[in-house]
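**Q** coordinates only, sequence not included:
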């Protein structure tokens, strides 16, 4: 009796287990983001945990805190910027002062992480390679969401532990609300990664959703001092406020986060199951690179124009809001010696109004530094995805190809600061010259951060994402350092610390020219390294 061999049944890669390989991909993602995630978590956590000591020195008595509540209730512009004050306890003031911005930064971290490990991987071709092995269809998306969950979970734990001395219940509510906001944005990024064909569009779409959430929250807070208006309830940032940490916690509001995140995940999985790898539901228009796309610079503009226009609109609006707020905010600190000291440390000792204006323009300058890093790292995305190689195979040199993107990165940063200044002037209804100068003087420092990104791309193409760590460190030194009274030696590590404190201080050209020269040297060194190395891919 002879045995008959049965025909082998073909098995799709990953078998029938859609989540096969998730743990391995999660470990890989955490290893890749071992710089990005810790730096962003440190920035957000230190911003929150440094605030109680600062507020205690500013408003150390119940009378001072009650007076702050009265002034905030009467100032719609300030409520639109930072939200309403819901209680006069130190914990409630901490949640008020940091809640909105901690939620926004947690959202930015989440969208960077999720898009990087979903659509970025598909663009580069690595996802297709992984899927040919024992990796389930849903494993990459699951690993990306779990990476964002780990990041937001660690952030929530740090905030809870750091604020526990102010009240365990309030600290837990605030930590969970900030982490929940980040997870909601992560879910939005997961959906956007399925809808769009490129990581650039996925980031832009998610950033637009986050901007809309901020606008809804701001409109709701401006209309009333309770934070419970209808527009605020339509925004996850409004949910964060309405948890009312340290002000009679509303634990049931956390259920909104708990419901939104799974719903978004289900939508993302459903969309991912209905498309092939590399495809999308909103494909870009195909066509030859002719006419206006016939040069490397024109192609770079076509790839980055959406980001430039989005950042321009956002910073013009932010400048207008901050300009309108700057006049009313000065009145809150004129009689507070500690507050004046902090603003003078950030903006110079030329009077409260000028110091406040200088610190606000400096804060938006730090935000523009994030744009220049994003724009420069477009070079890395084009190179790692393999799209740069066909361009360079034609009559286009590496320097010419890189120059197209760098002109948009560095020129776009100057444009954004110009628009920020115009927004400030519109918000203040005058003082165009001084506020424009205060914004434009930030350009050399922003260019230094961009130069670091160019250097990393040229020397360490696979580690160019470390430029986000440099940008986060600069952001941390600029936003948190003065409030913590950090040593001057530490603050001087930021290029922004060496700029003239306009509009009140005299203009000194030496630091401006020195920073410009440093930025040029970093760019030249990075481009020289780019010419000598092999393409990454």
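**A** Ah, there it is. All values reported here derive from a predicted model rather than from experimental measurement.
**Q** count the neighbours of residue 507 for me.
**A** Taking other C-beta atoms under 10 Å as the neighbour definition, residue 507 ends up with a count of 10. Where you see a C-beta, it was placed from the backbone N, CA and C, and this is true even at glycine.
**Q** hmm, I typed the wrong one, I wanted residue 462.
**A** Residue 462 has 11 neighbours, counted by other C-beta under 10 Å.
**Q** ok, and the closest non-adjacent residue to it?
**A** Residue nearest to residue 462 in three dimensions, not counting chain neighbours: residue 536, with 5.9 Å by C-beta to C-beta, 6 or more residues apart in numbering.
**Q** shouldn't the one you found be within a strand?
**A** No. The secondary structure assignment for residue 536 gives coil rather than a strand, going by DSSP: H, G, I helix; E, B strand; the rest coil.
**Q** what sits against it?
**A** In this structure, residue 536 makes contact with 380, 383, 384, 461, 462, judged by C-beta atoms under 8 Å, 6 or more residues apart in numbering.
**Q** give the rounded mean pLDDT of stretch 158-167.
**A** Across stretch 158-167, the average pLDDT comes to 94.
**Q** residues in contact with that stretch: which ones?
**A** 41, 45, 48-49, 52, 89-91, 94, 102, 170-172, 174-176, 178-179, 246.
**Q** try stretch 298-318
**A** If you take C-beta under 8 Å, 6+ apart as the criterion, stretch 298-318 is touched by 200-201, 204, 207-208, 211, 289, 292-293, 364, 367-368, 371, 374-375, 378, 382, 391, 404-405, 407-408, 412, 415-416, 419-420, 422-423.
**Q** picking up where we left off before, just the buried residues out of the contacts of stretch 158-167, in PyMOL syntax.
**A** This is how PyMOL selects the buried members of the contacts of stretch 158-167, with burial counted by 16 or more other C-beta atoms under 10 Å:
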select buried, resi 41+45+48+49+52+89+90+91+94+102+170+171+172+174+175+176+178+179+246
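**Q** inside strands: which ones of the contacts of stretch 158-167?
**A** Among these, DSSP state E puts none in strands.
**Q** below-threshold pLDDT in the stretch 401-537 of the chain: ranges please.
**A** Counting by pLDDT under 70, the ranges of the stretch 401-537 of the chain that qualify are 430-431, 480-486, 537.
**Q** go again using 90 as the cut-off
**A** With pLDDT under 90 as the threshold, the stretch 401-537 of the chain has low-confidence stretches at 401-405, 421-438, 457-494, 496-509, 529-537.
**Q** break down it into its helices, ranges please.
**A** 432-440, 443-459, 466-479, 488-491, 509-532 (DSSP state H, counting those that start in this stretch).
**Q** report the buried residues of stretch 39-48.
**A** Applying a neighbour-count criterion of 16+ other C-beta under 10 Å, the buried positions in stretch 39-48 are 39, 40, 41, 42, 43, 44, 45, 46, 47, 48.
**Q** typed the wrong thing, it's stretch 415-435
**A** When neighbours are counted by 16+ other C-beta under 10 Å, the buried residues of stretch 415-435 are found to be 415-428, 431, 434-435.
**Q** touching stretch 457-474 from outside, list them.
**A** Under the criterion C-beta under 8 Å, 6+ apart, residues 32, 35-36, 39-40, 42-43, 112, 366, 369-370, 373, 376-377, 379-380, 383-384, 449, 452-453, 456, 493-496, 525-530, 533, 536 lie in contact with stretch 457-474.
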